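Asks: here's my sequence, what's the structure:
(4 chains)
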Number of protein chains: 4
Amino acid sequence: MPMFDISERAERIRADLLEFMDTHVYPAEPVYEQQMRESGDPHFHPPIIEELKAEARRRGLWNLFHPHPSSGVGLTNLEYAPLAEVMGRSPHLAPEACNCNAPDTGNMEVLELFGTDEHKAKYLAPLLDGTMRSAFAMTEPAVASSDATNIEMSMVREGEGADAVYVLNGRKWFASNALHKNCKVMIVMGKTDPSAQVHRQQSMMVVPIDAPGVTVLRGLPVYGYQDREGHAEIDFADVRVPAEDVLKGEGEGFAISQARLGPGRIHHCMRMVGMAERALDLLCERALHRVTFGKPIAENANIQDWIAEARIEIEMVRLLTLKAAHMMDTVGNKAARTEIAAIKVAAPQMALKVLDRAVQVHGAGGVTDDFPLARTWAGVRTLRLADGPDEVHKRAIARQELRRHREPRA
Amino acid sequence: MPMFDISERAERIRADLLEFMDTHVYPAEPVYEQQMRESGDPHFHPPIIEELKAEARRRGLWNLFHPHPSSGVGLTNLEYAPLAEVMGRSPHLAPEACNCNAPDTGNMEVLELFGTDEHKAKYLAPLLDGTMRSAFAMTEPAVASSDATNIEMSMVREGEGADAVYVLNGRKWFASNALHKNCKVMIVMGKTDPSAQVHRQQSMMVVPIDAPGVTVLRGLPVYGYQDREGHAEIDFADVRVPAEDVLKGEGEGFAISQARLGPGRIHHCMRMVGMAERALDLLCERALHRVTFGKPIAENANIQDWIAEARIEIEMVRLLTLKAAHMMDTVGNKAARTEIAAIKVAAPQMALKVLDRAVQVHGAGGVTDDFPLARTWAGVRTLRLADGPDEVHKRAIARQELRRHREPRA
Amino acid sequence: MPMFDISERAERIRADLLEFMDTHVYPAEPVYEQQMRESGDPHFHPPIIEELKAEARRRGLWNLFHPHPSSGVGLTNLEYAPLAEVMGRSPHLAPEACNCNAPDTGNMEVLELFGTDEHKAKYLAPLLDGTMRSAFAMTEPAVASSDATNIEMSMVREGEGADAVYVLNGRKWFASNALHKNCKVMIVMGKTDPSAQVHRQQSMMVVPIDAPGVTVLRGLPVYGYQDREGHAEIDFADVRVPAEDVLKGEGEGFAISQARLGPGRIHHCMRMVGMAERALDLLCERALHRVTFGKPIAENANIQDWIAEARIEIEMVRLLTLKAAHMMDTVGNKAARTEIAAIKVAAPQMALKVLDRAVQVHGAGGVTDDFPLARTWAGVRTLRLADGPDEVHKRAIARQELRRHREPRA
Amino acid sequence: MPMFDISERAERIRADLLEFMDTHVYPAEPVYEQQMRESGDPHFHPPIIEELKAEARRRGLWNLFHPHPSSGVGLTNLEYAPLAEVMGRSPHLAPEACNCNAPDTGNMEVLELFGTDEHKAKYLAPLLDGTMRSAFAMTEPAVASSDATNIEMSMVREGEGADAVYVLNGRKWFASNALHKNCKVMIVMGKTDPSAQVHRQQSMMVVPIDAPGVTVLRGLPVYGYQDREGHAEIDFADVRVPAEDVLKGEGEGFAISQARLGPGRIHHCMRMVGMAERALDLLCERALHRVTFGKPIAENANIQDWIAEARIEIEMVRLLTLKAAHMMDTVGNKAARTEIAAIKVAAPQMALKVLDRAVQVHGAGGVTDDFPLARTWAGVRTLRLADGPDEVHKRAIARQELRRHREPRA
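Replies: Numbers count the residues shown, from 1 in each chain, chains lettered A, B, ... in the order given. Model (predicted):
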């Protein structure tokens, strides 16, 4: 990617990370599969993960995502993006090995910025240390949560001063990570003031997962898969949260969620670029070795078209994501909102197409778990919905575009 | 479908079937889900299935698929096709309830046509009776099985006369139904004579699933789902099959497989039409009741486009499948080969598109098992590969088309 | 198409028409091209057309479209549809040769049903005789005419009784046929009562093209093509139309336009099926004879995919159109409205795709007029807009579909 | 585009160019249309072009494309690319106004690098001066010219030393610019040695358009359009070309064509980005002002989806093209070959999609010449074929990709 001025240190870390992938992560994949299979528990925490974490940390490949030099290398979004792509090539191992997995990354950022000293000691420190995991609870089953004003969880304030608490009632689902064996805490979004101005109604709070009244009901399957970290449905019945656990202040929930989304989308999209690259590798290798009607299927022009289209589309999405990252670094989240929405739409569609074609080239094997294609497809398909469906993001882009045409030209 | 001359009896059966769906099948769906969930066994055979079977039989909705009047109503393909569509609306219950599920249907046809008296007594009778299930073992993990000449399972003849046996060695996978609790027998395709002419090398044999040397290794997941009937990987090590269990004769395997494919594809494609109709129903209902930005999403023009495109595409695939069925009835499988290949390509793509858009409209819920969309999608995705990937069928259609242009015009 | 009960007479006419195409129409194509080129006038009426008309009439292939036995054979829509397909294979010659070209066909139907005796003598008779041509003026440049309530042409009544006239003011465009050398009359849609109920505001009138105040301003090009029959922009300035030239009665315009649309869409869609078949023929022939990298491009799997997809999609659109025709014959326009809207959306998109791929296979030649592909593409592209853009028809289908789900199930 | 280090001078020129567009080019568009229409000659050279050229030159916006500082500003490909985009917004005026139009640009580069002193004096000087135009003759009607080995024009050497000539026989078409009123010279590709190694058979020669034996047969229409500069079919009958007019040397034709293609593709692709931006502007403006069913169509979610998809796709193609430009500048044409092939595939498809949707939003007007959409679409459609059809470029990309997987990993 010579056109981007990637810093020397970022290049060096990328080289280290690539070596770590080759020497440790890829070889760990079959071990991981076996440990998971043998456990019989889809939410098992296999020892190989801890081994990889130790090794990554030893190599300085730890908390790379973290923008604050205090807690990590302090890379820019543009510097970190290519690293997220590399980790995306082994999505079940590499991000957690490097302590760079969602939603812990976003939670760590939020706690760094808005957490109290107690939050930092109790949660942020072990999260940065990789010994604790955390969940994020925003989406609700009963309403279209992409329209934040729909959120129904009630957070009612009771009492005053030091004794003030919020009483939480409601139902969340797709709280990712909540079934991870090490998950201890959630950041929860709800409504503190339904009568306030639309974007001041919501607040975010820090809630221990074992708080009285919290019940993890079940892990939601994604196309038949129970992801290891889990997507939980959680009931909140009169959960009492001390007022000091409100992040940033009452009514700041929407603002915090806007702030955390930008980097998170960059990470997700670059990981999807990595997944697509891996799928294209698998597609090419299979196509070169599978023979029908007397020749490798790689010699068929339709398969060659797929390969070329994959190469073109991967490249375009990567560049758009890097541009969005660079804009976030230089002109900020707000100025980059069209680009951030654009990658949220473009990356999953590209990755799904490449993955689906790779499945097709793998024949019946492609739909099984003998290859990582079907499982990765299922995960990416979810990302066309998570954090807002495509349609909501396209609507936002179009409104931005139309606005330009409503204003008189200078 | 007034343009097709559907017989009065077929119309009457369809009305009976629709009533059975309304009064028994749809109400049984949540019961089925609960029985399966409670069993903890993906291959559990839930009691509700036997109840539905009894009721269907009582109503004369039994073995409707069967073309031979001796064993059923003796409907034509055109008559049966709309019934397969109706059953497809509840794909995990209705086909088995009516004893019309694949691959038992194809196996029953093959045994009717080519089985010995012993095969008929031992296997066909209980299959028609619904007390036994059967599998079909053709696809192999090591080769692209869409090119039948690739098949590697060896079937070596030993001995002479009454003592002659074939010794089977090889590996099959995607042997559907093999994990059904009632599965007792397989029809297995392999190579008896690698030196024969290309389409005379293969033979089909009847093999008990508990024959010495047969090992069911595992059930293959499909996008994370372990289907109840199972897609098994099966090892054959020196399995000895008596020569009288060769169907039709040595070298007839390819011919039998051609014969069974036609009706099977009609059934599959019409069931997919039914699945797509069900998905469109769910899409519309969700769109009418889910509100974002102040109005039901059904009022958004993009969602309306999806609905209209689904209606158009479902209608077209249904008509094409009915045409193929009618051609099979009137001019035969060979004359209908382009149409049969065409529906094999068109139906899954149409159904996948409708299902995927229904998932999108359901938001995060769409990817879970709270709705039947994700699971159905996974099953249909497999049908772009089962019995030959799209690309092989398109190749066949194109060659047929080009042939017309190679010949001088009359 | 064995599944449709096409009558023996329709089959016989189709055989005659195919012979006429082979012996006269296809051989006339280069003659036509030359006569048009030599004339230097895009609206020239070349002698070959009159020769073909005489021959078609001699063979009884005349006014086949006409549903009224008095004026033609009296074929049903289902009987006529396959004939329209055949004519569509040579769209600039065959329809006019057989006096079956739009919009004359629709105009003849309207005059038959709603014309006065004078209209019939003065216009209908020579139209049926092929000696006169007519235009239809509905679309306006200033408004989105797909929403009929937008129509702005004013038709103001003056005077009473026998002297009553309507004074027309406004601008029409895409009045097809108006530049045909033999065009003498138009049917014009406008607003007689802007205060009436929405679908009672419009009226249709018979207006001679040389009426005082009528000015044909220009022929509109379609992607650079000036079609021979012309798409005219016409100014109406105080054009005085006697009240007896109002068709059916004041306020009946919308109702008449609904009635004429059904058959017209069947004709258009079947002609597009014919155009697509012709394009596929050309594609296959070119692909068999063009060599790159050492082999005919027909041997490339991507080109084979295109051929197969064309075959599948043509077949599906043909069946859907035949179904719509059959429904119009048996249950009427209103019950068939979803099907009629569906083919209006499906047929042009299918034909455009086949044509565009045929262009691609023809290389640079494909975009020129050395092959009929580019010109036909341009004409078909217009049909995604004429008589309502796709989006309006999809909206109508979706609303129909959603209505089913709003009503409680029986 | 903050992520690319665009030089200050390039930014300054871009600002100047934008101002020139606003103050001179856009206002000249209706004048141009009128002068062309009034001339009645599609190949007319309208006075407004010369006025714009004078103004552009006065402003220093002249020969910006030229990489050699001797003849221009000496911009890099990355610097020039955004300027080509701006010019593409008015594709019939701006490139010629700035003396940056194809194929003159490529011809000027070739003459600069490989021309004799006489070529430079006689042709290059007036080309750089804008007083002469030139054509490029490579494509042949009889063969698929995308496979350069197919080229059939014979160039037979006669005589020796100073008297040596090549005798040219053959037929070329799509020789763009050959019908420009100022066109005086062609660069012609043909075969000098059919027995040589595949890529050494071809040579390029400088041939005056009025050389004896050269006959310009006709201008080829593109979807009905006769482009002003013309796409000529040209016959060569015993055309005698002095040996010193062979560029670079016998057998160097293929090498020269490879060298000229890179920058030409960047230019074409960036102009298409500009065309797409213009189309999106028109789409948005129309959508805001056109009303159906009671609201501007810009409020419909399907139109908003189109706008968002256009924004996303334009952005991605722009970035990919800039990357290709930057790679050409930094690592050279050969290392950039995948990227150069990729933009050749991606840019036209993106632009066609945006243009087609803009046509749809414009209703019937969209297919006429009242808006620049249809004509621009036709031009862009040609670019999916010119200089190799998509399929050839995709084949090249896929082969490159597969090569990586054939080699053992380091």
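Asks: can you show me the helices along the stretch 151-300 of chain A?
Replies: All helices of the stretch 151-300 of chain A, identified by DSSP state H, counting those that start in this stretch, fall at A:253-289.
Asks: could you point out which residue ranges in it have low pLDDT?
Replies: By pLDDT under 70, the stretch 151-300 of chain A contains no weakly predicted segment.
Asks: got the domain ranges for chain A?
Replies: Taking automatic domain parsing as the domain assignment, the ranges for chain A are A:8-129, A:133-250, A:255-406.
Asks: need the winner for burial among those domains.
Replies: Mean neighbour count, computed with mean count of other C-beta atoms under 10 Å in any protein chain shown, is highest for domain A:255-406 among those, reaching a mean of 22. From N, CA and C alone the C-beta is placed, and that goes for glycine too.
Asks: is chain C contacted by that one?
Replies: Yes - Domain A:255-406 lies within reach of chain C by C-beta under 8 Å from any C-beta of the partner chain, at A:300, A:301, A:302, A:303, A:304, A:305.
Asks: what residues does the stretch 101-250 of chain A have near chain B?
Replies: A:139, A:141, A:143-147, A:150, A:173-174, A:220-226.
Asks: switch the cut-off to 7 Å
Replies: When proximity is defined by C-beta under 7 Å from any C-beta of the partner chain, the stretch 101-250 of chain A lies next to chain B at A:139, A:141, A:144, A:146-147, A:173-174, A:220-225.
Asks: what helix or strand is the residue minimising distance to the centre of chain A located in?
Replies: In chain A, the centroid-proximal residue (C-alpha atoms, centre = their mean) is residue A:102; its distance is 4.3 Å. Using DSSP states H and E, residue A:102 sits in no helix or strand.
Asks: just confirm it contacts residue A:266, I think it does.
Replies: No - under the criterion of C-beta atoms under 7 Å, residue A:102 is not in contact with residue A:266, lying 11.2 Å apart.
Asks: low pLDDT regions in the stretch 301-410 of chain A?
Replies: Short version for the stretch 301-410 of chain A, where the test is pLDDT under 70: A:408-410.
Asks: coming back round to it: now, the residues of the stretch 101-250 of chain A next to chain B that are in strands?
Replies: A:173, A:174 (DSSP state E).
Asks: which of the residues of the stretch 101-250 of chain A next to chain B sits closest to residue C:128?
Replies: The closest of those to residue C:128 turns out to be residue A:144 (C-beta to C-beta; 58.6 Å).
Asks: apart from its chain neighbours, what residue comes closest to that closest one?
Replies: The shortest distance from residue A:144 to any non-neighbouring residue, by C-beta to C-beta, 6 or more residues apart in numbering or on different chains, is to residue B:292 (4.6 Å).
Asks: same deal with residue A:196?
Replies: residue A:251 (6.1 Å).
Asks: one step back: need the residues of the stretch 101-250 of chain A next to chain B in JSON lines with distance to residue A:124, can you?
Replies: Converted to JSON lines, these look like this (distance: C-beta to C-beta, whole Å):
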{"residue": "A:139", "distance to residue A:124": "24"}
{"residue": "A:141", "distance to residue A:124": "30"}
{"residue": "A:144", "distance to residue A:124": "32"}
{"residue": "A:146", "distance to residue A:124": "29"}
{"residue": "A:147", "distance to residue A:124": "31"}
{"residue": "A:173", "distance to residue A:124": "26"}
{"residue": "A:174", "distance to residue A:124": "24"}
{"residue": "A:220", "distance to residue A:124": "27"}
{"residue": "A:221", "distance to residue A:124": "31"}
{"residue": "A:222", "distance to residue A:124": "29"}
{"residue": "A:223", "distance to residue A:124": "34"}
{"residue": "A:224", "distance to residue A:124": "35"}
{"residue": "A:225", "distance to residue A:124": "30"}
